[in-house]
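In: No letters, just coordinates:
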């Protein structure tokens, strides 16, 4: 590959898009490809973990005004920064609709470089301006990538866009084992371990928000608390998002008492964690509870598998592409709180099942490595560089 790849995303928050961006950049860097990551956050803090990859963190837009205001302010800032650093042999690889609009602006106005876009999923925007912005961010790039066949079909059917599937990956060494003392201390800190004994601990990753199906997890846990002598508990990691999910979060948390659940006892909010703490929680919980109702891939699933944590997800089409029910994950019907409760109960009760899922998860995780994903990306970058200008979008 000649020239540099500039990977662009709108946030340093350690959610799927940023995790994907940084892991891919590091894998490309390890293969000898020149890369640069451009993102927005707090320049004084930097990225969510140390990296040897060259990167620039721009100040994120202030959390004032409407979501539409912040989206277009973010696009403007990324456009200006990209315009200043982009060189003729670069490829701009955008990881979200904000970054894609900025990259296309630079290509069309300043430096005629190819723009690649990974569509992880399509957001449920409600304003006409943001719906249009998202559509343009899918049809403007020279090459569109997706991480699953499911989203390839959606882009074909709803946006008349042909996408290339390049699956996600996982770093098998990202979350190493923790000591027994560290595990015990973490569990004790939230009441999962006490003089009365251990409580089974489900870990949810992604915060309290609609796409993660959090209220289904709460409703399912409420059923178990009502019917079990020593029921499990749920710890929720994450929560930072460009979109404001405060109304959903408040409603879901306000519903806890009516479900027989106590915040801080049955449900614990861990918030955004450091890289080391996230890995320690993966290694300290008893199972992942990931009842999403929409995912592009679900990176937390691979992360859990790489950390030897048994997985409970759902039967979303994207999960069925690489997971097999009762082999490497439990896949109850998505959006069904009763089905989720039954699977949580099964996970809790069956030690042999959990061991089998861990073994199956290890095998599945070995199929997906960032080094393999980086090699596929590098070949695509060469393809878009060699294509006649404009031919990719015809």
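Out: Okay, I see it. Bear in mind the structure is a predicted one, so any value in this text is a computation, not a measurement. Numbers count the residues shown, from 1 in each chain.

In: quick one, what contacts residue 14?
Out: By CB atoms under 8 Å, 6 or more residues apart in numbering, residue 14 lies in contact with 48, 49, 238, 272, 275, 278. All C-beta spots, glycine's among them, are computed from the backbone N, C-alpha and C.

In: any chance of those residues in JSON lines, plus distance to residue 309 and neighbour count?
Out: What follows is those, written out as JSON lines (distance: CB to CB, whole Å; neighbours: other CB atoms under 10 Å):
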{"residue": "48", "distance to residue 309": "20", "neighbour count": "21"}
{"residue": "49", "distance to residue 309": "20", "neighbour count": "13"}
{"residue": "238", "distance to residue 309": "16", "neighbour count": "22"}
{"residue": "272", "distance to residue 309": "19", "neighbour count": "15"}
{"residue": "275", "distance to residue 309": "16", "neighbour count": "15"}
{"residue": "278", "distance to residue 309": "12", "neighbour count": "24"}
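
In: Those residues: which two are farthest apart?
Out: For the contacts of residue 14, the farthest-apart pair by CB to CB is 49 and 238; their separation is 14.8 Å.

In: about what we covered before: arrange the contacts of residue 14 in JSON lines, one row each, with secondary structure and pLDDT as further columns.
Out: As requested, these are exported to JSON lines (DSSP: H, G, I helix; E, B strand; the rest coil; pLDDT from 0 to 100):
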{"residue": "48", "secondary structure": "coil", "pLDDT": "91"}
{"residue": "49", "secondary structure": "coil", "pLDDT": "92"}
{"residue": "238", "secondary structure": "coil", "pLDDT": "88"}
{"residue": "272", "secondary structure": "coil", "pLDDT": "90"}
{"residue": "275", "secondary structure": "helix", "pLDDT": "91"}
{"residue": "278", "secondary structure": "helix", "pLDDT": "95"}
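
In: Residue 307 against residue 285, yeah?
Out: No - at 9.1 Å, residue 307 does not count as touching residue 285 under the criterion of CB atoms under 8 Å.

In: the strands in the stretch 51-200 of the chain, which residues?
Out: 55-59, 91-94, 115-119, 143-146, 164-165, 193-194, 197-198 (DSSP state E, counting those that start in this stretch).

In: so which of those is the most packed in?
Out: For those, average neighbour numbers computed from mean count of other CB atoms under 10 Å are highest in strand 91-94, which has a mean of 29.

In: Can you get me the start-to-end distance on stretch 52-61?
Out: Separation of the first and last residues of stretch 52-61 by CA to CA, to the nearest Å is 26 Å.

In: Now do that stretch, average pLDDT.
Out: Mean pLDDT, stretch 52-61: 95.

In: same deal with stretch 114-132?
Out: pLDDT averaged over stretch 114-132 gives 89.

In: Tell me the gap between it and the middle of its chain.
Out: Here stretch 114-132 is found 16 Å from its chain centre; the criterion is CA atoms, centre = their mean, to the nearest Å.

In: where does the stretch 1-150 of the chain dip in pLDDT?
Out: Low-confidence segments of the stretch 1-150 of the chain, defined by pLDDT under 70: 1.

In: if we go to 80?
Out: 1-2, 110 (pLDDT under 80).

In: List of residues touching stretch 297-306?
Out: Taking CB under 8 Å, 6+ apart as the rule, stretch 297-306 contacts 16, 19-20, 120, 147-148, 167-172, 174-175, 203, 205-206, 282, 288, 290, 292, 310-311, 313, 316, 318-319, 323, 328-329, 361-362, 364-365, 368.

In: Show me the residues you listed that map onto helices.
Out: Those of the contacts of stretch 297-306 mapping onto helices are 16, 19, 20, 282, 318, 319, 361, 362, 364, 365, per DSSP state H.

In: Near the closest residue to residue 3 other than its chain neighbours, how many other residues are there?
Out: Among residues not flanking residue 3 along the chain, residue 89 sits closest, at 3.0 Å (CB to CB, 6 or more residues apart in numbering). Residue 89 has 13 neighbours, counted by other CB atoms under 10 Å.

In: surely residue 89 meets residue 34?
Out: No - using CB under 8 Å, residue 89 is not in contact with residue 34; the gap is 9.6 Å.

In: Now for these two: what residues contact both?
Out: With CB under 8 Å, 6+ apart, residue 89 and residue 34 have common neighbours 3, 4.

In: mind listing the strands for the stretch 201-350 of the chain?
Out: Under DSSP E, counting those that start in this stretch, the stretch 201-350 of the chain gives strands at 201-205, 233-237, 267-271, 287-289, 311-312.

In: okay if I get those as CSV plus mean pLDDT, mean neighbour count and distance to residue 61?
Out: Below are these laid out as CSV (pLDDT from 0 to 100; neighbours: other CB atoms under 10 Å; distance: least, CB to CB, whole Å):
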stretch, mean pLDDT, mean neighbour count, distance to residue 61
strand 201-205, 98, 25, 26
strand 233-237, 97, 22, 25
strand 267-271, 96, 19, 22
strand 287-289, 98, 27, 33
strand 311-312, 98, 26, 35
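
In: Minimum distance to residue 73: which of these has it?
Out: Of all these, strand 267-271 comes closest under CB to CB, at 25.7 Å.

In: Output the contacting helices and strands for the closest one.
Out: In terms of contacts (3 or more CB pairs under 8 Å, 6 or more residues apart in numbering; DSSP states H and E), strand 267-271 is packed against strand 233-237.

In: Just checking: what are the partner strands of the strand it packs on?
Out: Strand 233-237 has the following strand partners under DSSP bridges: strand 201-205 (parallel), strand 267-271 (parallel).

In: Let's have those in JSON lines, adding distance to residue 161.
Out: Output for the strands paired with strand 233-237, formatted as JSON lines (distance: least, CB to CB, whole Å):
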{"stretch": "strand 201-205", "distance to residue 161": "29"}
{"stretch": "strand 267-271", "distance to residue 161": "36"}
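
In: Which one of those strands lies nearest to residue 42?
Out: By CB to CB (comparing all of these), the closest turns out to be strand 267-271, at 16.3 Å.
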